[in-house]
Structures are given as C-alpha cells and as structure tokens.
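In: Sequence first, predicted model second:
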Amino acid sequence: MSELAKDILHAVKDQASILSSIPGVRMVAMSLGYSFVELENERMGICFTPRASSPSCTHYSRAGSLSKMGLLELAGLMISGNLLEKSVGIAAVNVLSQMIMDQAPDKYQFADQDLLDLAPKGPLKAGMVGYIAPFVPMLLKRYESLTIVDDNPEFNPGRQANGCLISRNISDLSEADVLIVTGSAAVVGDFDKILNAANSTQFIGIVGPSAGWLPGPAFDKGVHAVGGTKILDIEGARSAILEGGGFPHIKKFGLKYTLVNK
C-alpha cells in the first residue's frame, strides 16, 4: 500500500474538522473513463477509473451500496485493495480536499503558471509516469529525451515514432531530471516506488484531475508542484462522465489549478 496515499488520507480526515459540516453524498458513479462522488452541496470530486475486466456483466460486487456511505467513509476507500473502490475513495478525498482549501486558501500557494512552465529548462532528460498525450510534444520539444512508463497494453514498449521511449519498468526513470506523474498513478500505481526510482530529479510534478488531494503529503516527499481540477459545472461533468467521456470532455466543466511547494 502506498505510504503517500495513507498520508493524504490522514491529512484530509484531520483537516476536515475545519469544515462547518460534512455534506451528504448524492451520487457515486464508476464510469468507463472516470469515477465521481457528487455531494448534496453541489460539489463533485473525480478520479480516473482503472481499466478492469470481469467474466460477467458485474464489475463491482457491492454496486448500489456506495452512495449510502458517508463522505469520510468513502474517502477511506482511497487505501482499499480494490482498484475500483480506490478510485471512488480518491474522488471523495479530492472533493473534501478542495472544500478544505476553499476554507483556508492562504495556507496554499497557487501558481500563476501551468505546471510544465514551472519545470527547469535546458539540456535535461524528462520522464513521465502515465501517458499524458497533450504533454508529450511539449516535453519532446523542451528536453533532449523523454521516457514514459505506462502499463497500458495499447502502447508497445520501445522507441516510438515521435522519439519518446515507452517502458514498463519504473527503474528507467533513474536518470530523469524532470519527472511528470499523472494523478491516475495514485489509483493503479505506487507513488512511493515512483519517487524512489526517480532519484536524480530536479523537478517532480504530479498533474491531472485525479490529483485534487491536499498537496502537503506529496510536498513532504519532495514533489515540487501538484496540478488538479476543480469541477464547477456539476451537471455538465456528470453527463460527460456517465457517457464515457475522458478528460478532454470533462475539462470544460472545471477549473485547472497548480499548487507549488513553498
């Protein structure tokens, strides 16, 4: 189990006490691309849904029970051994975290720049965990090499036509100077192993709608910036997610933000 996930969950549960009340859960969904937890106070947290296979039409044996749970109980699923439960737990942690940050914004340093613009420039090597398609051409342009670690079976390991290297082995990140980690790695990977493998980095950024949690525990482990997404249009995001949409469909219903390590 990821120590970072446990630290994030502990921080969120501890700081939730600053909220005047914990809102009720209106709806929980695990859709093809993303899962969400929608609250009665018109707030929503989202998270990447891990790829799953099932020998039957049932993908989750406790279907129908999650929306009956309280928000803090759902948040506890972030450290579940079941990947689908974990995605719901992270969605719950994300919406709790964003409500906490709204209550005490002065405790957090929000960047005016996008996350990639905060990274150092120069003849450096870049690494990425999880294939973030819009980032690939920018990283290839800015750095002398790019290694992407991703276990998606759609990607064949080896040198790609665009020049990047696809790998299944996180040890290939050992020489990365700049490391970008998708927030979905919190669902299907182990952040601690990733951070330990990238032992020569000058900059570590975690980005994506799954990374909406309180940033302190990641900063404590040496992460320089965390980029998340706050959902503003609940109805629009809900429709896009339930219809199988991915982040390109969801992003117009939210606001991207970047937090930097003070």
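Out: Arrived safely.
In: what residue ranges in the stretch 101-250 of the chain score low on pLDDT?
Out: 187 (pLDDT under 70).
In: which residue ranges form the strands in it?
Out: With DSSP state E, counting those that start in this stretch as the criterion, the stretch 101-250 of the chain has strands at 125-129, 145-149, 158-159, 165-167, 178-182, 203-207, 225-231.
In: And these: which comes nearest I100?
Out: Across the strands of the stretch 101-250 of the chain, I100 has its closest neighbour in strand 225-231 (12.3 Å, C-beta to C-beta). C-betas here are computed from N, CA, C, even on glycine.
In: quick one: contacts for K230?
Out: By C-beta atoms under 8 Å, 6 or more residues apart in numbering, the contact set of K230 is 98, 212, 254-255, 257.
In: could you dump those residues to TSV with distance to R168 and secondary structure?
Out: Output for the contacts of K230, formatted as TSV (distance: C-beta to C-beta, whole Å; DSSP: H, G, I helix; E, B strand; the rest coil):
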residue	distance to R168	secondary structure
Q98	33	helix
G212	27	coil
G254	31	strand
L255	34	strand
Y257	32	strand
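In: Make a markdown table from the strands of the stretch 101-250 of the chain and add distance to G245 to it.
Out: Below are the strands of the stretch 101-250 of the chain laid out as a markdown table (distance: least, C-beta to C-beta, whole Å):
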| stretch | distance to G245 |
| --- | --- |
| strand 125-129 | 23 |
| strand 145-149 | 23 |
| strand 158-159 | 30 |
| strand 165-167 | 25 |
| strand 178-182 | 17 |
| strand 203-207 | 19 |
| strand 225-231 | 13 |
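In: Ok, which of the ones you listed comes nearest M44?
Out: Using C-beta to C-beta, the nearest of the strands of the stretch 101-250 of the chain to M44 is strand 225-231, at 4.4 Å.
In: mind exporting stretch 153-163 as CSV, just the C-alpha atoms?
Out: Only the C-alpha atoms of stretch 153-163 are listed here, as CSV (Å, rounded to 0.1, in the frame of the first residue of the first chain):
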residue,chain,number,x,y,z
PRO,A,153,-1.4,-2.7,-23.3
GLU,A,154,-2.3,-0.3,-26.2
PHE,A,155,1.3,1.0,-26.0
ASN,A,156,4.1,-1.2,-27.2
PRO,A,157,7.4,-0.8,-25.2
GLY,A,158,10.3,0.6,-27.1
ARG,A,159,11.2,3.7,-29.1
GLN,A,160,8.2,5.3,-30.7
ALA,A,161,7.9,7.2,-34.0
ASN,A,162,7.7,10.5,-32.2
GLY,A,163,11.1,9.8,-30.4
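In: outside of it, which residues touch it?
Out: Counting by C-beta under 8 Å, 6+ apart, 131, 136-137, 140, 146, 148, 165-168 sit against stretch 153-163.
In: What subset of those is buried?
Out: 131, 136, 140, 146, 148, 166-167 (16 or more other C-beta atoms under 10 Å).
In: and which of these is nearest V28?
Out: Nearest member of these to V28, counting by C-beta to C-beta, is Y131, at 27.2 Å.
In: returning to that earlier point: can you tell which of the strands of the stretch 101-250 of the chain is closest to V37?
Out: strand 225-231 (10.5 Å).
In: neighbours around N196, how many?
Out: The number of residues packed near N196 is 14, by other C-beta atoms under 10 Å.
In: Scan the contacts of K230 and report the most crowded one.
Out: G212 (28 neighbours).
In: For that one, which non-adjacent residue is spatially closest?
Out: N94 (3.3 Å; C-beta to C-beta, 6 or more residues apart in numbering).
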